[in-house]
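K.L.:
pasting the structure only:
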């Protein structure tokens, strides 16, 4: 008999970390090359294995101001993993993954979805 058991917390954490660090990201020097401040509280910073800090790349496109606005709403400085999850995972109120929707849906629709997320917490 195979005994089914729920995953351990460490397994869940590892899976989430791996998933959220898998999309394209930049190192601190690459962030600086994009004329951005790596310490900007409006940016998501994720510290992965080996204490390497990465910045998800979607934050540095043509929609920088909108991304920073939403990151502030999502408290990216206080909960970077939660903010990254919101941006990189499917969203029930939006027609897809928020980071992929930048520029293809109305900016206000993304802002309102982020505000609704925060209102639920």
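P.N.:
Structure received. This one's a predicted model, so the numbers in the text were calculated from it and none came from an experiment. Numbers count the residues shown, from 1 in each chain.
K.L.:
sec struct for the most centrally placed residue in the chain, please.
P.N.:
Nearest residue to the geometric centre of the chain (Cα atoms, centre = their mean): residue 84, 1.6 Å. Three-state assignment for residue 84 (DSSP: H, G, I helix; E, B strand; the rest coil): helix.
K.L.:
For it, give its distance to residue 47.
P.N.:
11 Å (Cβ to Cβ, to the nearest Å). All C-beta atoms are positioned from the backbone trio N, CA, C, and that covers glycine.
K.L.:
before we move on, back to that, surely the residue nearest to the centre of the chain and residue 44 touch.
P.N.:
Yes - proximity of residue 84 to residue 44 meets the contact threshold set by Cβ atoms under 8 Å, at 5.2 Å.
K.L.:
can you list residues touching both of these two?
P.N.:
Here residue 84 and residue 44 have 56, 76 as joint contacts, going by Cβ atoms under 8 Å, 6 or more residues apart in numbering.
K.L.:
For the chain, which segments are assigned as helices?
P.N.:
Applying DSSP state H to the chain gives helices spanning 9-21, 28-33, 64-73, 80-88, 98-101, 107-120.
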